[in-house]
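# task: produce atomic coordinates for the following.
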Amino acid sequence: MEVLEAILTRRSVRKFQDQPVPEDLIEKLLRAAMSAPSARNAEMAEHAPLAILICADARLDHAPWYWPVDCAAAAENMLLAAHGLGLGAVWTGVWPREERMDGFHRLLHLPKPVTAHSLIVVGYPTEQLSPEDRYHQERVHRNGWQGKS
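Model prediction:
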């Protein structure tokens, strides 16, 4: 399945068949999770042709306190969509850093109930980066935490 099709057709499934998930698929899911980006970068925004600010609007929030994870999911979908479209993108964290949140409020005149969460910086890449294998088997625990706490 192509990435945009996967993003646009994915739904929350709440009923499941009585069938185990094979080990190779479990590892693929874990590899995908461990390949998730970090939101700690920031410097590149000044020289990019596009930046999209992901925000939460408290006036639309039906489940208070879930907005940070909802915005993070939106950021990841946008990063995957950009990659699928041949664009380069990087996730820049805004929330919960007050100075960044306040800066975007002032710069973009955001209404008071709107909270800046993430800045996705987008453009056509000048380099082709090699994939990284970020999978760590030792971080996988089944049926409880094993090892030192």
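# what about stretch 57-75, distance to the chain center?
Mean C-alpha position of stretch 57-75 versus that of the full chain (CA atoms, centre = their mean, to the nearest Å) differs by 13 Å.
# again, but for stretch 35-43
Chain-centre distance of stretch 35-43: 9 Å, with CA atoms, centre = their mean.
# average pLDDT for that stretch?
Regarding stretch 35-43, the rounded mean pLDDT is 81.
# repeat that for stretch 82-92.
For stretch 82-92, mean pLDDT rounds to 95.
# who touches that stretch?
Contacts with stretch 82-92, where a contact means CB atoms under 8 Å, 6 or more residues apart in numbering, come from 2-4, 7, 37-39, 41-42, 44-45, 51, 75-76, 78-79, 118-125. Placement of C-beta: from N, CA and C, glycine included.
# restricted to strands, list those.
The members of the contacts of stretch 82-92 that map onto strands under DSSP state E are 51, 118-123.
# what's the spacing between the residue nearest the centre of the chain and His62?
In the chain, the centroid-proximal residue (CA atoms, centre = their mean) is Glu76; its distance is 2.6 Å. Taking CB to CB, to the nearest Å as the measure, Glu76 falls 21 Å from His62.
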